[in-house]
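Student: need coordinates for the following:
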Amino acid sequence: MVGKISGPNRRSFLKTVAAGSAAASLSPAQQQSTVDNSPRKFTGRNLQMIAFPLGGIAAGSISLGGRGQLRDWEIFNRPDKGRTPSYAFPSVWAQVDGSKPVVRVLKARLQPPYQAAEGLGPGNVPGLARMDGATFTGEFPLAQLEFHDRKLPERVRLEAFNPISPLDAEDSAHIRKTLASIYRNNYEPSLAEHESVQRIYALNDEAGVVICTYAPGKRPKIPFPYFAEVWTGFEYAFASLMLEHGMLEEGTRCIASARRRFDGERRNPWDETECGHHYARAMSAWSAMIALSGFHYSGPAKRIVVAPPSGNRLVSFYSTGASWGRFTHARSATATRFTIAPKYGTLAVSEVELDRTAARPAAVAVNKTSIPYQLRPNGDRVVIVISEPLSLTARDQLSVMV
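Tutor: Have a look, this model is predicted:
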C-alpha cells in the first residue's frame, strides 16, 4: 500500500539532523507509572525486578534488589542471574524505653507474583517479619534504599556505590585519570607497526583505539580474545565518556579516526562491520552527539536541561519521543542564551535548566512574546519554571536569556 505521510519531508528532516544531538523521552503509558524519573525513584510493585549492579572491573557483580536483598551473585566467573544465598539476611532490633522490642528482617515485604518454583521458597524465610515497604532511588553509580515501617522507632537507610576500582571508593572517583590512561595506552595514531592476527577492522596508516594492550613483557601466553582488534562501537562509547569529562580534544580525535576509516574508499560509511554487517554496537555513536550537545529531556517532568561541555556557540539537533528540531546555546561572561524550535511534533516544556553567568533579570519569550516565569537557583545553575506549561509545535520558538 502506498500513501502520503503528512509532516516534514525527507530533505528537511536530514537538514535538521545534520546539526547535532538527541535525547529520549517516555511514552504516555510510561509517564503514568509509579516511577519518578528525576531522580529515579521506585516504590511498591515497581521494586520487584530491580537489580542494581554492585561490582567493579574484573570483580564480578552482586546486585542490590529493590527490596534491599542482595541478588544475582555472579562472582564465580560466569553468569548466574537469580542466585541468592539461602537463609542469609540482615536484620534490625530496636527498643524504646523498656517497651517491647521490634525486630525486622532488613528487607521490604515480598511482593506477588512469587517467582520461585516453590512460591515464596523456604530459603527466603517468609515467616519472619519484614519492613512494611521501601523507596529505592537509583542514579548510577549510586543507589539509596529508605525503609518504612510503622512500628520501627528509627529510620533506616541503605546507601550503595558501584566502584570502578573494587574496594577503593576514592580511586573510583578518578574517572578522568582512568580515561587518560586508556587513551595514552590504547589509542594508536598509526597501526602500521601494530601486530594483529585476528579480525582486521583497522590497519596500516589508520588510527584507532585498540581493545586491550599489555605492558612490555606482561602479555600472557594466551591473551584476552580479540585484544588486538579495533571496534568502532567501543571507540564511540569511550570517546563519549571522554567528552562528558572535559576531554574534548581526545574524544573528538577518536571519533574522527573511526569515521576516517569509513570514508567510502576504504570501507562503506553506512556499514561499520564488527561481528557482522551493520553491527548494532556502532549505534553508540549517538551518545557522542548527546555528550557534545549536553541536551537532556524528561518527558514526565517536561524539563529541558542543557549543559554542553564547551562554552562556544552551539547549534544542534535534538529529539524527544514526540518531537525533533533544533536548539541553540551560547554562553558569555554576561549571559546565557538558549532557543529551541521544533521542526516536527509537539514539545511539552515546564522547566528549562541552564548555566547562569550573571545576576541579571531573565527574559523568556515564545515567538518574541514574553511569558511569565519564576527562577529557582540550582547551585551555579538556574531553573526557569514556566508559569503555564508550553506545548511547542513547528510554528513556535522558545527563547530564554539568563
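Student: so who does the spatially most central residue of the chain touch?
Tutor: For the chain, the residue nearest the mean C-alpha position is F140 (7.6 Å; CA atoms, centre = their mean). Contact analysis of F140 by CB atoms under 8 Å, 6 or more residues apart in numbering lists F52, N162. For the C-beta atoms, the positions are set from N, CA and C on the backbone; glycine is no exception.
Student: same question for the one 5 residues further on.
Tutor: With contact taken as CB under 8 Å, 6+ apart, L145 is in contact with L64, G68, A134, T135, F136, T137, R157, L158, E159, A160.
Student: so A285, which of the three states?
Tutor: At A285 the chain is in helix, as set by DSSP: H, G, I helix; E, B strand; the rest coil.
Student: residues contacting the nearest residue to A285 once chain neighbours are set aside?
Tutor: In space, A285 comes closest to Y236 once its chain neighbours are excluded; the distance is 4.3 Å by CB to CB, 6 or more residues apart in numbering. Contact partners of Y236, counting by CB under 8 Å, 6+ apart, are C254, I255, A258, A282, S284, A285, S287, A288.
Student: repeat that for C254.
Tutor: By CB under 8 Å, 6+ apart, the residues touching C254 are Y183, Y187, V209, E235, Y236, F238, A239, M242.
Student: just those: which are in strands?
Tutor: Of the contacts of C254, the ones assigned to strands by DSSP state E are Y187, V209.
Student: export the contacts of C254 as CSV, with columns for pLDDT and distance to I75.
Tutor: Output for these, formatted as CSV (pLDDT from 0 to 100; distance: CB to CB, whole Å):
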residue, pLDDT, distance to I75
Y183, 95, 30
Y187, 97, 32
V209, 97, 29
E235, 97, 30
Y236, 96, 30
F238, 95, 26
A239, 96, 31
M242, 92, 30
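Student: now the contacts of C254 in CSV, with distance to Y373?
Tutor: Converted to CSV, the contacts of C254 look like this (distance: CB to CB, whole Å):
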residue, distance to Y373
Y183, 42
Y187, 45
V209, 45
E235, 42
Y236, 38
F238, 40
A239, 37
M242, 36
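Student: from the contacts of C254, which single one is nearest W324?
Tutor: For the contacts of C254, the minimum distance to W324 (CB to CB) is 21.1 Å, reached by Y236.
Student: isn't S257 right up against E206?
Tutor: Yes: contact criterion CB atoms under 8 Å: S257 and E206 qualify, at 7.4 Å.
Student: so how far is V92 from the residue of the chain most remote from its centre?
Tutor: The C-alpha centroid of the chain is most remote from G98, which lies 48.6 Å away (CA atoms, centre = their mean). Taking CB to CB, to the nearest Å as the measure, G98 falls 18 Å from V92.
Student: ok, back up a step: keep only those of the contacts of C254 that are in helices.
Tutor: The helices, defined by DSSP state H, take in Y183, E235, Y236, F238, A239, M242 from the contacts of C254.
Student: ok, the nearest residue to R71 once chain neighbours are set aside - contacts?
Tutor: Nearest non-adjacent residue to R71, counting by CB to CB, 6+ apart: G65, 4.6 Å away. Contact analysis of G65 by CB under 8 Å, 6+ apart lists L47, I50, A51, F52, R71.
Student: confidence score at the fourth one?
Tutor: Taken from the predicted model, the pLDDT recorded for F52 is 91.
Student: likewise for the one 10 residues further on?
Tutor: pLDDT, I62: 90.
Student: quick check, it in a strand?
Tutor: Yes: applying three-state DSSP, one finds I62 inside a strand.
Student: can you name the residues bridging to it?
Tutor: Counting by DSSP bridges, I62 forms beta bridges with L54.
Student: for stretch 145-157, list the C-alpha coordinates in PDB.
Tutor: Extracted in PDB, the C-alpha atoms of stretch 145-157 (Å, rounded to 0.1, in the frame of the first residue of the first chain):
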ATOM      1  CA  LEU A 145      17.100   2.500  49.900                       C
ATOM      2  CA  GLU A 146      14.900   4.100  52.500                       C
ATOM      3  CA  PHE A 147      12.900   1.600  54.500                       C
ATOM      4  CA  HIS A 148       9.500   2.300  56.000                       C
ATOM      5  CA  ASP A 149       7.900   0.600  59.000                       C
ATOM      6  CA  ARG A 150       5.100   2.000  61.200                       C
ATOM      7  CA  LYS A 151       6.300   0.100  64.300                       C
ATOM      8  CA  LEU A 152      10.100   0.700  64.000                       C
ATOM      9  CA  PRO A 153      11.100   3.700  66.100                       C
ATOM     10  CA  GLU A 154      14.100   4.500  63.900                       C
ATOM     11  CA  ARG A 155      14.600   5.500  60.200                       C
ATOM     12  CA  VAL A 156      16.800   3.000  58.300                       C
ATOM     13  CA  ARG A 157      18.500   3.900  55.100                       C
END
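Student: start the count at 14 instead of 1 going forward.
Tutor: Will do, 14 is the new start, and the previous item becomes stretch 158-170.
Student: distance from the chain centre to it, please.
Tutor: Distance of stretch 158-170 from the chain centroid (CA atoms, centre = their mean, to the nearest Å) equals 30 Å.
Student: okay, buried residues for it please.
Tutor: Neighbour counts over stretch 158-170 (16 or more other CB atoms under 10 Å) mark L158, E159, F160, D162, L165, V169 as buried.
Student: look up how far Y200 lies from the residue nearest to I195 when sequence neighbours are not counted.
Tutor: Leaving aside its chain neighbours, I195 sits nearest to F251 (6.8 Å; criterion: CB to CB, 6+ apart). Counting by CB to CB, the gap between F251 and Y200 amounts to 9 Å.
Student: intersection of neighbour lists for these two?
Tutor: With CB under 8 Å, 6+ apart, F251 and Y200 have common neighbours V222, C267.
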